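Undergrad: Please find the sequence and the predicted model below.
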Amino acid sequence: MTVQGDPCSPLGAVGWPVHTARLLLRRGTAEDLARTWAFRRHESVGYWLPNSPATIEEYRAVFESPGRLAKMIMVELDGAVIGELMITVADAWAQAEIVERARGAQAELGWVFDPAHAGHGYATEAVRELIRICFTDLRLHRVTANCFAGNEASWRLMERVGMRRELYTVRESLHRSEGWIDGVGYALLADEGAGGRSEPDRSG
Ligand SMILES: CC(C)(COP(=O)(O)OP(=O)(O)OC[C@H]1O[C@@H](n2cnc3c(N)ncnc32)[C@H](O)[C@@H]1OP(=O)(O)O)[C@@H](O)C(=O)NCCC(=O)NCCS
């Protein structure tokens with residue numbers, strides 16, 4: 001197992017690739033543009049996503065946007081990319097004199113999977129592992145995920161992996177075809193996830 005030294009991304013601290021029972025998780029590379037376009041190109045995949053590019057060139061602009069690749073994790077089944085995970089590490093809110101202790105303490109998670117492989121629990125398996133990575137390897141305090149309330153497949157996934165619904169927002173998000181619609185937000189704390197591990201010591 002190799003540890004990729006990448007000081008620009010928190011994911012550089014993880015030993016990649018990471019294996020689960022059925023899947024392999026690895027850092028995203030420039031070559032994943034075409035591999036992910038293979039399923040991103042389906043209109044149904046982009047329905048709830050921020051971007052729904054119509055061509056691979058439009059998708060390239062999204063894929064190559066600054067800083068994005070450093071946050072991407074590819075999910076492989078038998079050598080083929082079947083999904084992608086995104087992790088955005090950010091500071092937690094803190095009062096001014098202790099703000100340093102909240103730096104990089106939480107992460108927002110995201111996911112997109114090939115519909116051809118839906119319904120087998122692959123996304124659940126990959127996101128469970130991503131949460132383990134967040135708490136065990138990255139020693140984060142909290143992970144979050146958000147989606148439109150209508151994206152039932154996504155929030156059901158959040159619930160399957162044990163995340164707690166903490167937000168229900170009313171018509172605060174603008175969807176390209178549905179207009180202003182509701183959103184949901186989920187979270188999980190370190191001492192609730194990764195098999196009930198205790199909170200990392202952030203006092204120092
Ligand atoms: C969100 C998304 C990843 C969920 O995919 P999914 O196929 O429902 O999730 P999983 O791969 O975990 O499969 C779960 C299903 O497999 C079933 N399953 C079978 N074997 C399973 C196993 N070993 N473990 C868990 N679930 C299993 C579950 O019961 C569930 O079926 P159900 O939906 O009929 O209840 C997918 O819909 C997607 O990529 N959507 C488009 C992109 C998107 O909207 N992303 C989120 C933006 S916020």
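TA: In hand now; what should we look at?

Undergrad: how about the residues of this protein near the ligand?
TA: For the chain, the contact set with the ligand under Cβ under 6 Å from any ligand atom comprises 45, 48-49, 110-113, 118-124, 147, 151, 153-154, 157. Using the backbone N, CA and C atoms, a C-beta is placed for each residue, glycine as well.

Undergrad: ok, and what's touching stretch 184-192?
TA: The contact list for stretch 184-192 (Cβ atoms under 8 Å, 6 or more residues apart in numbering) reads 131, 135, 139-149, 155, 158-159, 161-169, 197-200.

Undergrad: Same check on stretch 64-78?
TA: Against stretch 64-78 from outside (Cβ under 8 Å, 6+ apart): 6, 8-9, 11, 22-30, 32-33, 35-36, 62-63, 81-88, 113, 117, 122, 126, 130.

Undergrad: residues of it that come out buried?
TA: Neighbour-count burial for stretch 64-78 flags 69-77 (criterion: 16 or more other Cβ atoms under 10 Å).

Undergrad: That one - what's its average pLDDT?
TA: In this model, stretch 64-78 has a mean pLDDT of 97.

Undergrad: Only alpha carbons, please: show it as CSV.
TA: Only the C-alpha atoms of stretch 64-78 are listed here, as CSV (Å, rounded to 0.1, in the frame of the first residue of the first chain):
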residue,chain,number,x,y,z
GLU,A,64,-10.8,20.2,-14.7
SER,A,65,-12.0,23.1,-12.5
PRO,A,66,-9.2,24.2,-10.1
GLY,A,67,-8.8,22.1,-7.0
ARG,A,68,-11.5,19.6,-8.0
LEU,A,69,-9.4,16.5,-8.8
ALA,A,70,-7.6,16.7,-5.4
LYS,A,71,-11.0,16.0,-3.7
MET,A,72,-12.0,13.1,-5.9
ILE,A,73,-11.9,9.4,-5.1
MET,A,74,-12.7,6.8,-7.7
VAL,A,75,-14.6,3.6,-6.9
GLU,A,76,-13.6,0.5,-8.9
LEU,A,77,-15.4,-2.8,-9.2
ASP,A,78,-13.2,-5.5,-10.9
